[in-house]
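Asker: structure here, sequence nowhere to be found:
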Ligand SMILES: O=P(O)(O)OC[C@H]1O[C@H](O[C@H]2O[C@H](CO)[C@@H](O)[C@H](O)[C@H]2O)[C@H](O)[C@@H](O)[C@@H]1O
Ligand SMILES: O=c1ccn([C@@H]2O[C@H](COP(=O)(O)OP(=O)(O)O)[C@@H](O)[C@H]2O)c(=O)[nH]1
């Protein structure tokens, strides 16, 4: 348990986006919390004092004096910026990571490979490697996150070796890893897999993603995969495992107790008296199945005219990757569908769909989770989906029902406590919503208790000494550090 402290090893976390995004406001630099599940999943680590977090600050800063100012402002949060020119950042983040790699990882077809963004992806991974290698001490544990940085472990290992440093490198993928044939769509797939295989430990969200990766290594690289949870490639042994990512449920429970949040809950309950509330919270992304959700809800309203004015769907669509054309097109499509649904089903008494295209403050989010009778999540593919966990954390009193797509990573653990469905099937979704509304209280409670057990046990936070770690983070780092104590280890 105390191994990280006993080891006195320092820890470096790396992700494309820092947990804080920097903006220039009236000439000065201000930072605010970045959105998305990766930041949520690692937020507990910010309570620890012994780590540094490397990432892109979300803004181009050219002037060396300004760079110093940004560095200083982030230092207080243990964050170290990797500065990138905006065109390079754009090609890396939007061009390759989100237009090419992300869709392939999520089984979307029709992706067109392009050399320019690929070169930018390589370059950004190199810049990250340069910056981290310069700072890391011998023996530092380095934990790299996500698909934006798949080449980093290899580039970093080379640089560290040249400098005579030996560091353990871990890599966690937050997205699915697709079955082999899908991965073949990517002409540069071998480079990416070899990049990841320079890690000592690789973590996935589910057994399925882990197995897909192992199978790909065997078929693409002829790597040896006979030993469970190990891949042998080019004289290196890499450990592979599933690590169940989590949230800090207590943060939601505490927020719900705040007087202003209680007041907001009372007012929302009054507003929706006699109306069943369904909530959806998703980044505006194809993988969240938002068009499917709206169409499924439309089918539900068609199937149940007796529930007119008795059910409302409050859908928060958090703006995401707005510089990518596919995301802009999706936003237009969703506005059109939302308008059509309300045009068809609204009455002078109200509209069945509230579609909000913006982020919501944390207090408002918890109040929404708390008043909702159902949480509807329709991902066509999704690494995990932490919104499912957050809804459960906010439903201790009411035992709301989770209606969860079978394609969210979370479904691997939460199916027993939720109502699962196939997101491409409108009829199935409509039935799932209806069944959730009509679940008898005993069954609702039983399902809820199952989910609460999962969220609190598998993902609860562990506190010890000066450290408070998300359990999954603590487990990963513990394994990484153990991996390096083995005889013959390369780190
Ligand atoms: O940074 P963005 O481009 O705005 O995107 C936000 C995050 O999206 C993805 O989140 C994934 O990680 C979650 C936590 O493990 C998981 O629950 C979810 O299913 C994934 O989609 C992405 O992988 C992150 O890197 C982004 O920061
Ligand atoms: O306006 C909002 C609404 C939600 N979230 C958070 O975004 C995360 C979404 O994580 P998830 O794993 O569900 O999906 P991702 O967006 O990472 O794909 C959750 O922690 C939400 O609370 C956010 O940052 N801003």
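Answerer: That came in fine, so what should we check first? Since we're looking at a predicted model, the values are computed, not measured. Numbers count the residues shown, from 1 in each chain. Ligands and ions are numbered 1, 2, ... in the order given.
Asker: make it CA atoms for all contacts and neighbour counts henceforth
Answerer: OK.
Asker: I'd guessed residue 51 sits against residue 75; true?
Answerer: No: in terms of C-alpha atoms under 8 Å, residue 51 does not count as a neighbour of residue 75; the distance is 11.2 Å.
Asker: tell me which of those two has more neighbours.
Answerer: When neighbours are counted by other C-alpha atoms under 10 Å, residue 51 comes out ahead of the other of residue 51 and residue 75, with 20 against 14.
Asker: and the more buried one, what are its bridge partners?
Answerer: residue 11 (DSSP bridges).
Asker: just to be sure, residue 15 is in a strand?
Answerer: Yes: using DSSP: H, G, I helix; E, B strand; the rest coil, the assignment for residue 15 is a strand.
Asker: and stretch 141-160, average pLDDT?
Answerer: The average pLDDT within stretch 141-160 is 97.
Asker: number of nearby residues for the nearest residue to residue 116 once chain neighbours are set aside?
Answerer: Spatial nearest neighbour of residue 116, chain neighbours left out: residue 91 (7.6 Å); criterion: C-alpha to C-alpha, 6 or more residues apart in numbering. Look at residue 91: counted by other C-alpha under 10 Å, it has 20 neighbours.
Asker: element containing residue 424, please.
Answerer: Using DSSP states H and E, residue 424 sits within no helix or strand.
Asker: ok, now how distant is it from residue 292?
Answerer: Going from residue 424 to residue 292 by C-alpha to C-alpha, to the nearest Å gives 6 Å.
Asker: can you read off the backbone torsions of the residue of the stretch 201-350 of the chain found nearest ligand 1?
Answerer: For the stretch 201-350 of the chain, the residue closest to ligand 1 is residue 320, as judged by C-alpha to the nearest ligand atom, at 5.4 Å. The main-chain torsion angles of residue 320 are listed as degrees, to the nearest 10 and equal phi -150, psi 140.
Asker: pull the contacting residues for it.
Answerer: With contact set as C-alpha atoms under 8 Å, 6 or more residues apart in numbering, residue 320 has these partners: 283-285, 327.
Asker: let's go with 10 Å and repeat that
Answerer: 35-36, 282-285, 327-328, 331, 357-359 (C-alpha atoms under 10 Å, 6 or more residues apart in numbering).
Asker: and for residue 200?
Answerer: 153, 167-171, 236-240, 479-481, 483-484, 489-491.
Asker: ok, and the closest non-adjacent residue to it?
Answerer: The shortest distance from residue 200 to any non-neighbouring residue, by C-alpha to C-alpha, 6+ apart, is to residue 238 (5.0 Å).
Asker: what secondary structure does that neighbour sit in?
Answerer: Look at residue 238: counting by three-state DSSP, its state is strand.
Asker: isn't it right next to residue 199, touching?
Answerer: Yes: taking C-alpha atoms under 10 Å as the contact criterion, residue 238 and residue 199 are neighbours in contact, 6.7 Å apart.
Asker: quick one: common contacting residues for the two?
Answerer: Applying C-alpha under 10 Å, 6+ apart, one finds that residue 238 and residue 199 are jointly contacted by residue 170.
Asker: so those two - more neighbours on which side?
Answerer: Set side by side, residue 238 and residue 199 give different neighbour counts by other C-alpha under 10 Å, the larger being at residue 199 (29 against 20).
Asker: I'd guess the more buried one is in a strand, am I close?
Answerer: No: in this structure, residue 199 is coil, not part of a strand, as judged by three-state DSSP.
Asker: contacts only, for it.
Answerer: Residue 199 is in contact with 142-144, 150, 152-154, 156-157, 168-172, 236-240, 480, 491, counting by C-alpha under 10 Å, 6+ apart.
Asker: those in strands, which ones?
Answerer: The subset of those located in strands under the criterion DSSP state E comprises 142-144, 168-172, 236-240.
Asker: nearest to residue 394, of the residues you listed?
Answerer: When the ones in strands among the contacts of residue 199 are compared for distance to residue 394, the smallest value, 27.3 Å, is given by residue 172; criterion: C-alpha to C-alpha.
Asker: ok, and the closest non-adjacent residue to that closest one?
Answerer: With C-alpha to C-alpha, 6+ apart as the criterion, residue 172 has its nearest non-adjacent residue at 4.6 Å, and that residue is residue 203.
Asker: quick check: residue 52 vs residue 186, distance?
Answerer: Distance from residue 52 to residue 186, by C-alpha to C-alpha: 33 Å.
Asker: more crowded one of the two?
Answerer: A side-by-side neighbour count of residue 52 and residue 186, using other C-alpha under 10 Å, places residue 52 first with 20 against 16.
Asker: ok, that one touching residue 13?
Answerer: Yes: when contacts are counted by C-alpha under 10 Å, residue 52 is listed as touching residue 13 (6.2 Å).
Asker: what touches both of the two?
Answerer: The overlap between the contact sets of residue 52 and residue 13 (C-alpha under 10 Å, 6+ apart) consists of 79, 142.
Asker: is ligand 2 within reach of stretch 448-460?
Answerer: No: against ligand 2, stretch 448-460 shows no contacts by C-alpha under 6 Å from any ligand atom, the least distance being 13.3 Å.
Asker: give the buried residues for that stretch.
Answerer: Taking 16 or more other C-alpha atoms under 10 Å as the basis for neighbour counts, the residues of stretch 448-460 that come out buried are 448-449, 451-452, 454-456, 458-460.
Asker: so what does the residue sitting furthest away from the middle of the chain look like in phi/psi?
Answerer: Here the chain reaches farthest from its C-alpha mean at residue 348, the gap being 39.4 Å by C-alpha atoms, centre = their mean. Comment: the main-chain dihedrals of residue 348 come out as phi -60, psi -20, following degrees, to the nearest 10.
Asker: next one: residue 315
Answerer: Torsion angles at residue 315 (phi, psi; degrees, to the nearest 10) stand at phi -110, psi 120.
Asker: next one: residue 230
Answerer: According to degrees, to the nearest 10, the main-chain angles of residue 230 amount to phi -140, psi 140.
Asker: show me what contacts it?
Answerer: With C-alpha under 10 Å, 6+ apart as the criterion, the residues that contact residue 230 are 201-202, 214, 224, 236-241.
Asker: skipping adjacent residues, who's closest to it in space?
Answerer: With C-alpha to C-alpha, 6+ apart as the criterion, residue 230 has its nearest non-adjacent residue at 4.6 Å, and that residue is residue 239.
Asker: ok, now which ones touch the closest residue to residue 136 other than its chain neighbours?
Answerer: Closest residue in space to residue 136, ignoring its immediate chain neighbours: residue 12 at 7.7 Å, by C-alpha to C-alpha, 6+ apart. Counting by C-alpha under 10 Å, 6+ apart, residue 12 makes contact with 50-54, 78-79, 132, 135-136, 140-144, 169.
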